[in-house]
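Chemist: Can you look at this prediction? I've put the sequence above it.
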Amino acid sequence: MSTTRIRIVGMNCPKCVAGLQAMLEALPGVRRVEMHVDHGDATVEHDPQVSRETLLERVEAAGYDAL
């Protein structure tokens, strides 16, 4: 199991958090997503085959900047 922390720019409301969490959790190989709206980031537990780049691409596809 791997853990990746992603900084998400523009995530500032409960609706944003819920949408991003559901989108990341739907990605094959993702086991758990913990969103932190106060810090503007997410911690994602996932299979090693899921790359950081894949996670960043998903967040960016939703219209947010991901670091």
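Modeler: All right, it came through fine.
Chemist: what about residue 50, distance to residue 4?
Modeler: 8 Å (C-beta to C-beta, to the nearest Å). For every residue, glycine as well, the C-beta is placed using N, CA and C.
Chemist: For these two, indicate the residue with more neighbours.
Modeler: Per other C-beta atoms under 10 Å, whichever of residue 50 and residue 4 has more neighbours is residue 50, with 20 against 16.
Chemist: Quick one: mean pLDDT for stretch 54-67?
Modeler: For stretch 54-67, mean pLDDT rounds to 95.
Chemist: Only C-alpha atoms, please: export it in CSV.
Modeler: What follows is stretch 54-67, C-alpha atoms only, in CSV (Å, rounded to 0.1, in the frame of the first residue of the first chain):
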residue,chain,number,x,y,z
THR,A,54,-2.4,9.6,-12.3
LEU,A,55,-3.8,11.1,-9.1
LEU,A,56,-2.7,14.6,-10.0
GLU,A,57,-4.3,14.2,-13.5
ARG,A,58,-7.6,13.2,-12.0
VAL,A,59,-7.7,16.3,-9.7
GLU,A,60,-6.7,18.6,-12.6
ALA,A,61,-9.3,17.0,-14.8
ALA,A,62,-11.9,18.2,-12.2
GLY,A,63,-10.7,21.8,-12.7
TYR,A,64,-8.3,22.2,-9.7
ASP,A,65,-4.6,22.7,-9.6
ALA,A,66,-2.8,19.8,-8.0
LEU,A,67,0.7,19.8,-6.5
